[in-house]
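**Student:** Build the 3D model from these lines:
(one chain, ligands or ions: 1)
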Amino acid sequence: MGSEYEGRSAAEVVAGMKERFASGKTRIFQWRVAQLKAIVRMIDEKEDEIAAAIYEDLAKSRTEACLQEIALAKDACLFTLKKLKHWVKPQKVSTSILTFPSTAQIVPEPFGVILIISAWNYPFYGQRHPCGDNVNVGKVAMESLAFGSSTQPCYATNDILVAVVIQTCFVAYIMDFGTYQYYFSSPVLSIEPVIGAIAAGNTVVLKPSEVAPSTSSFFAKVLPKYVDNSCIRVLEGSASETSELLEQKWDKIMYTGNPRVARIVMAAAAKHLTPVILELGGKCPLIVDSNIDLKVAAKRIVVGKWGSNSGQACIAPDYIITTKSFAAKLVDALKIALQKFYGKDPLQSTDLSRIVNIRHFARLRNLLEDEKVSGKIVYGGLQDEKDLKIAPTILLDVPCDALMMEEEIFGPLLPIVTVDDLGQSFDIINSKEKPLAAYLFTRDQRLEENFVKTVSAGGMLINDTILQFTNRHLPFGGVGESGMGFYHGKFSFDAFSHKKAVLRRCFIVEIPMRYPPYTPQKQKV
Ligand code: NAD
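**Tutor:** Coordinates of the predicted model:
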C-alpha cells in the first residue's frame with residue numbers, strides 16, 4: 001500500500017497541486033510576496049525551535065548554525081522580496097532584420113508543480129546568537145570575524161590587514177544593501193529552493209531528509225502554519241516514500257544529495273521528460289602554495305573544513321595538495337589553528353558538530369582503518385562512538401589510491417597529498433570526477449590563472465574556503481558528477497522559471513521571398 005498524506009495518496013497530492021497551479025493563484029505577484037514574507041516571519045518567530053532542531057540533528061554549535069543556516073535562509077528570502085518585482089518583468093531583447101518590424105521579449109513563467117528533495121547536512125540555514133539572545137546575525141558575523149567572540153575564536157584577532165579588509169567589505173555591504181544584516185547570507189538546502197520555486201510562481205512540495213529527523217519534522221509541523229498549505233506542502237519520508245513521489249509527473253525536480261541517488265532521481269524524471277536540477281558533492285581539492293600568509297591560510301582552511309559541520313559539507317575542502325618541502329610547515333600551522341579553535345581535547349569542544357549517524361560514523365572509521373593510510377595520522381584520530389564525534393584528523397602523504405582519496409570523505413578527516421611541483425596537482429584533480437568546489441592558496445598569479453583555466457569545478461575560491469556560496473550574485477551548482485543546474489539569488493528564480501520566447505509582429509512589411517512558389521528568380525536573391 002502506498003503512503004498517505006493526511007489521508008491522500010502521493011498521486012492525489014500531486015493532482016491537487018496541479019489543480020491549484022492551474023487556478024493561477026501562485027502566479028499572482030502578491031501571493032508570492034505574501035508567502036515569502038510568511039517564511040521570514042516563521043524564521044523570526046521560530047528561531048529557537050529551528051536552532052534546537054538543528055542541534056538535535058547535528059549537535060551543531062549555535063554560532064555555526066547562526067552563520068551558516070538560518071541567516072542564510074532569511075537573507076535569501078529578503079533578497080528575493082527586494083528584487084522580485086524586477087525579476088518577474090519580461091525582458092526586452094533585440095530583434096533581427098528578418099522579423100522587421102517586431103518586438104521580442106523573454107517572459108519568465110513558472111514550470112508548474114515542483115518537487116524539492118533535500119539532504120540532511122544543512123537541513124535549514126540559520127541565525128542564533130551563541131548566548132541565546134536574538135541578535136543581528138550580520139553583526140555577530142562581523143564581530144566574530146573582525147574582533148573575536150567569546151565562544152568562537154576569531155579569524156583575525158591579530159591581523160590588522162584582514163580586519164581592514166573585512167571592515168571594507170562591511171562598508172561596501174552597507175552601501176550596497178543598506179544594512180550589514182545580510183553580510184553572511186545567501187541560500188539554503190531545504191528552504192532556499194522553496195523560496196526560488198515560490199518566487200517564480202510555482203506550487204511546491206518539499207521532501208526534507210529523514211536523516212535530519214528533527215529539522216524534517218519542524219518543516220512538516222511549522223511551515224504549513226505560515227504559508228499557503230494548498231500550494232506549498234511538506235511531505236516527510238525516506239527512500240520508499242521518495243520513490244513513490246518520484247513516480248508522479250512533476251514539472252521540475254530539484255534533488256540535493258549524493259550521485260548514486262541522483263541517478264535514481266534522473267531516471268525517474270526521464271520517464272516523464274521532467275527537467276532536473278541535481279546538487280551533488282564530490283572531492284573538493286585544496287592546493288596550498290608555499291608563498292602565502294600561512295597563519296591566515298591555516299585559519300581559513302580549518303574553519304572551512306571543520307567549522308562546516310565537521311567536514312560534512314558539500315563544499316568543505318576534501319583533501320589538500322602541497323609540495324613535499326612545504327607540507328611539514330603547513331601541518332604545524334594547521335595544528336596551531338586547530339588547537340586554538342577547538343582546544344586540546346576537541347572531542348569535548350561544543351564548537352564541533354557530531355557525525356550525523358552511526359552509519360556515517362562507521363563509514364569514516366572504515367576510511368581511517370584502510371591499511372594504505374596506516375601510520376599517516378599526524379594530528380587527531382580520536383573517536384567517541386557514543387557521542388558520534390571524531391576529532392579533526394590530518395593525514396600526511398596519503399597515497400592517491402587510498403580509500404579516502406577515492407570517495408568523498410564528508411567528515412572531519414583531511415588527507416594531504418604531497419607533490420614535487422604544484423603543477424602536478426592539476427593532473428591529480430583532473431584524474432578525478434569534477435568537484436563542486438576547488439580551492440587554491442597562493443600569491444603566484446600565473447598559478448592562479450592556470451588553476452582557473454585548467455581545473456573544472458562547480459565553483460572556485462582563491463585564498464579562502466567555502467565563502468563563495470555566500471555571494472548571491474554567483475551561481476551555486478556543480479558540473480559533471482557534482483551536479484547540474486544552479487541556484488542562489490536570481491539564479492534560484494531562474495532555476496524554477498521557464499524562459500518563454502515571445503515575438504510580436506504587426507501586419508505591415510511583407511517579404512515576398514518567404515512565400516512559395518520558390519521560383520528561380522526568388523532563389524537568386
Ligand atoms: P540524504 O541521505 O539526506 O539523501 C538525500 C535525499 O535523498 C533525502 O531526502 C532522501 O530521502 C533521498 N533518498 C535517499 N535514498 C533514496 C532513494 N533510494 N530513492 C529516492 N530518494 C532517496 O543525503 P546524502 O545523499 O547523504 O547527502 C550527502 C551528499 O549530498 C554528499 O555527497 C554531499 O556532497 C551532497 N550535498 C550536496 C549539496 C549541494 O548543494 N551541492 C549540499 C549538501 C549535500
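**Student:** give me the number of residues near the closest residue to the ligand within the stretch 251-400 of the chain?
**Tutor:** Distances between the stretch 251-400 of the chain and the ligand by C-beta to the nearest ligand atom are smallest at Gly281, namely 1.8 Å. C-beta: built from backbone N, CA, C; applies to glycine. Gly281 has 29 neighbours, counted by other C-beta atoms under 10 Å.
**Student:** For the closest residue to it other than its chain neighbours, which residues are in contact?
**Tutor:** Nearest non-adjacent residue to Gly281, counting by C-beta to C-beta, 6 or more residues apart in numbering: Cys314, 4.3 Å away. Neighbour list for Cys314: Asn121, Glu279, Leu280, Gly281, Gly282, Cys284, Leu436, Ala437 [criterion: C-beta atoms under 8 Å, 6 or more residues apart in numbering].
**Student:** what's the nearest residue to the first one if we skip its chain neighbours?
**Tutor:** Put plainly, it is Asn121. Distance criterion C-beta to C-beta, 6+ apart; nearest residue to Asn121, sequence neighbours excluded, is Gln312 at 4.8 Å.
**Student:** which ones are touching that neighbour?
**Tutor:** Counted by C-beta under 8 Å, 6+ apart, Gln312 has contacts Leu58, Asn121, Ser353, Ile355, Val356, His360, Phe410, Gly411.
**Student:** Val455 too?
**Tutor:** Taking C-beta under 8 Å, 6+ apart as the test, what Val455 contacts is Pro285, Phe426, Ile429, Asn430, Ala438.
**Student:** where does the residue nearest to Gly281 fall, helix, sheet strand or coil?
**Tutor:** Look at Cys314: counting by DSSP: H, G, I helix; E, B strand; the rest coil, its state is coil.
**Student:** what's the answer for the one 3 residues further on, then?
**Tutor:** Assigned by three-state DSSP, the conformation of Pro317 is coil.
**Student:** That one touches Leu286, doesn't it?
**Tutor:** Yes - assessed by C-beta atoms under 8 Å, Pro317 is found in contact with Leu286 at 4.0 Å.
**Student:** Please enumerate the shared neighbours of the two.
**Tutor:** By C-beta under 8 Å, 6+ apart, the residues touching both Pro317 and Leu286 are Ile301, Tyr439, Thr465.
**Student:** What residues does this structure have near the ligand?
**Tutor:** Within the chain, the positions adjacent to the ligand are 117-121, 189, 207, 209-211, 238-239, 242-243, 256-258, 261, 264, 279-281, 314, 408, 410, 436, 478, 483 by C-beta under 6 Å from any ligand atom.
**Student:** Name the nearest of the contacts of Gln312 relative to Phe326.
**Tutor:** Lowest distance from Phe326 to the contacts of Gln312 (C-beta to C-beta) belongs to Gly411, with 25.1 Å.
**Student:** check contacts around Leu334.
**Tutor:** With contacts defined as C-beta under 8 Å, 6+ apart, Leu334 is in contact with Ala298, Ile301, Val302, Tyr379, Ile394, Leu414.
**Student:** Could you rerun that using 6 Å?
**Tutor:** Neighbouring residues of Leu334 by C-beta atoms under 6 Å, 6 or more residues apart in numbering: Ala298.
**Student:** tell me the secondary structure for it?
**Tutor:** helix.
**Student:** where in the chain is pLDDT low?
**Tutor:** Applying pLDDT under 70 to the chain flags residues 1-2, 4, 61-69, 124-188, 525.
**Student:** any chance you could map the strands in the stretch 151-300 of the chain?
**Tutor:** With DSSP state E, counting those that start in this stretch as the criterion, the stretch 151-300 of the chain has strands at 203-207, 232-234, 252-256, 276-279, 285-288.
**Student:** With mean neighbour count as extra columns, can I get those strands in a markdown table?
**Tutor:** Output for the strands of the stretch 151-300 of the chain, formatted as a markdown table (neighbours: other C-beta atoms under 10 Å):
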| stretch | mean neighbour count |
| --- | --- |
| strand 203-207 | 26 |
| strand 232-234 | 24 |
| strand 252-256 | 26 |
| strand 276-279 | 23 |
| strand 285-288 | 26 |
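**Student:** Arrange those in a markdown table, one row each, with distance to Trp87 as further columns.
**Tutor:** Shown next, in a markdown table, are the strands of the stretch 151-300 of the chain (distance: least, C-beta to C-beta, whole Å):
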| stretch | distance to Trp87 |
| --- | --- |
| strand 203-207 | 17 |
| strand 232-234 | 19 |
| strand 252-256 | 17 |
| strand 276-279 | 18 |
| strand 285-288 | 35 |
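**Student:** wait, which of those strands is closest to Lys335?
**Tutor:** Closest to Lys335 of the strands of the stretch 151-300 of the chain is strand 285-288 (C-beta to C-beta; 14.5 Å).
**Student:** now for the closest one, which elements pack on it?
**Tutor:** With contacts defined as 3 or more C-beta pairs under 6 Å, 6 or more residues apart in numbering; DSSP states H and E, strand 285-288 has these neighbours: strand 319-323, strand 437-441.
**Student:** Buried residues, the first one. List them.
**Tutor:** Going by neighbour count (16 or more other C-beta atoms under 10 Å), the buried part of strand 319-323 is Tyr319, Ile320, Ile321, Thr322, Thr323.
**Student:** on that earlier part again, so can I have a markdown table of the shared contacts of Pro317 and Leu286 showing neighbour count?
**Tutor:** Shown next, in a markdown table, are these (neighbours: other C-beta under 10 Å):
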| residue | neighbour count |
| --- | --- |
| Ile301 | 24 |
| Tyr439 | 29 |
| Thr465 | 25 |
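**Student:** that older thread, name the nearest of the contacts of Cys314 relative to Lys18.
**Tutor:** Nearest to Lys18 among the contacts of Cys314: Glu279, at 24.8 Å, using C-beta to C-beta.
**Student:** Now do the same contact list for that closest one.
**Tutor:** Here Glu279 is in contact with Thr256, Gly483 (criterion: C-beta under 6 Å, 6+ apart).
**Student:** let's go with 10 Å and repeat that
**Tutor:** Applying C-beta atoms under 10 Å, 6 or more residues apart in numbering to Glu279 gives the contacts 117-119, 189, 193, 254-257, 262, 314, 436, 458, 476-478, 482-487.
**Student:** Inside helices: which ones of those residues?
**Tutor:** Residues of those located in helices (DSSP state H): Pro193, Ala262.
**Student:** For Phe507, give me phi and psi.
**Tutor:** For Phe507, the backbone dihedrals (degrees, to the nearest 10) come out as phi -100, psi 10.
**Student:** how far away is it from the ligand?
**Tutor:** 50 Å (C-beta to the nearest ligand atom, to the nearest Å).
**Student:** what about that residue, neighbour count?
**Tutor:** Phe507: 5 neighbours (other C-beta under 10 Å).
**Student:** likewise the one 3 residues further on?
**Tutor:** Using other C-beta under 10 Å, Glu510 has 8 other residues around it.
**Student:** do the same with Asn229
**Tutor:** The burial count for Asn229: 12, using other C-beta under 10 Å.
**Student:** Now do the contacts for it.
**Tutor:** Glu6, Leu223.
**Student:** gap between it and the ligand?
**Tutor:** Counting by C-beta to the nearest ligand atom, the gap from Asn229 to the ligand is 20 Å.
**Student:** In TSV: the helices and strands packed on strand 285-288, plus distance to Tyr5.
**Tutor:** Output for the helices and strands packed on strand 285-288, formatted as TSV (distance: least, C-beta to C-beta, whole Å):
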stretch	distance to Tyr5
strand 319-323	42
strand 437-441	36
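**Student:** before we move on, what SS does Leu461 have?
**Tutor:** Per three-state DSSP, Leu461 ends up strand.
**Student:** and the gap between the residue of the stretch 251-400 of the chain closest to the ligand and Phe79?
**Tutor:** 25 Å (C-beta to C-beta, to the nearest Å).
**Student:** and what of Val107?
**Tutor:** According to C-beta to C-beta, Val107 stands 23 Å off from Phe79.
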